[in-house]
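>>> Fold the stuff below for me.
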Amino acid sequence: VLGRDVESVFPTEAKQTDLDLAASTEALVKDAIGSVQFVTEKQVEEIKRGREGDGDAAAAAGSFKPLAQVLSERKQEKDDAFQEKWKQMKEGQYRPLDEDEAAFLDDVEAKRRKVEDSRREEEQNELLAFQLAREEAREQPSAQRKPPTHQHREKPKNAAALLRVKVQPKLKPKPKPAPEPEKSGAA
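Predicted structure coming up:
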């Protein structure tokens, strides 16, 4: 039965496939166990001695603080940063005016007052002129009064005379003339 199975036809490839399978299985096992590292007691003591020597650095880094304390410190830092930004924003919004800004606002206010005063003065003048005209009209006898300048029309007696409708005939659209063919100059 030679030639019917892969191992007899390709013996080196079969060995290579077995080796690859074994290596991948070994890699999977190492990955699964890789996160767990076994440490001897001597290594633990060396780590503790190293930490004792760097006690100030470890304490500054906060490696021995409980998680709740670390989280509360971070929250307090964020709150302080937010309060500082809020304070700066408020100061910027309600800061005192510069001299230029104050002068500009004074100019705007002066213009507004000037316009308002001129309107008020004009209104007073018109009101006085009206009152004088009314007093003059009262003092004149009724015979000397001038008749109104506009003429009154006689009102028509029937309602049909009020409405006058002009009927316009419907216009039929004119047909457009057909375009004439152009004549060539060399005929």
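>>> Tell me the predicted confidence for residue 168.
We have a pLDDT of 70 for residue 168.
>>> Roughly how far does it sit from residue 71?
90 Å (C-beta to C-beta, to the nearest Å). (Glycine included, C-beta is placed from N, CA and C.)
>>> who has more neighbours, the two?
residue 71 (11 against 6; other C-beta atoms under 10 Å).
>>> Show the pLDDT at that one.
Here, the pLDDT recorded for residue 71 equals 94.
>>> As a check, name the ranges of all helices in this protein.
If DSSP state H is used as the criterion, the helices of the chain fall at 6-9, 11-34, 41-53, 55-61, 67-93, 99-139, 159-162.
>>> need those helices in TSV with distance to residue 178, can you?
Output for the helices of the chain, formatted as TSV (distance: least, C-beta to C-beta, whole Å):
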stretch	distance to residue 178
helix 6-9	91
helix 11-34	91
helix 41-53	109
helix 55-61	100
helix 67-93	78
helix 99-139	68
helix 159-162	49
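>>> Quickly, which of the ones you listed bottoms out on average pLDDT?
The minimum mean pLDDT among those belongs to helix 55-61 (a mean of 53).
>>> residues near residue 10, how many?
Neighbour count of residue 10, defined by other C-beta under 10 Å: 12.
>>> can you give me phi and psi for residue 179?
Phi and psi for residue 179, reported as degrees, to the nearest 10, are phi -70, psi 140.
>>> cool, and residue 96?
Note on residue 96: backbone dihedrals following degrees, to the nearest 10 are phi -70, psi 160.
>>> show me what contacts it?
Counting by C-beta atoms under 8 Å, 6 or more residues apart in numbering, residue 96 touches no other residue.
>>> ok, back up a step: quick one: closest of the helices of the chain to residue 172.
helix 159-162 (31.5 Å; C-beta to C-beta).
>>> count of residues packed around residue 29?
A count of nearby residues for residue 29, using other C-beta under 10 Å, gives 10.
>>> How much space separates it from residue 23?
11 Å.
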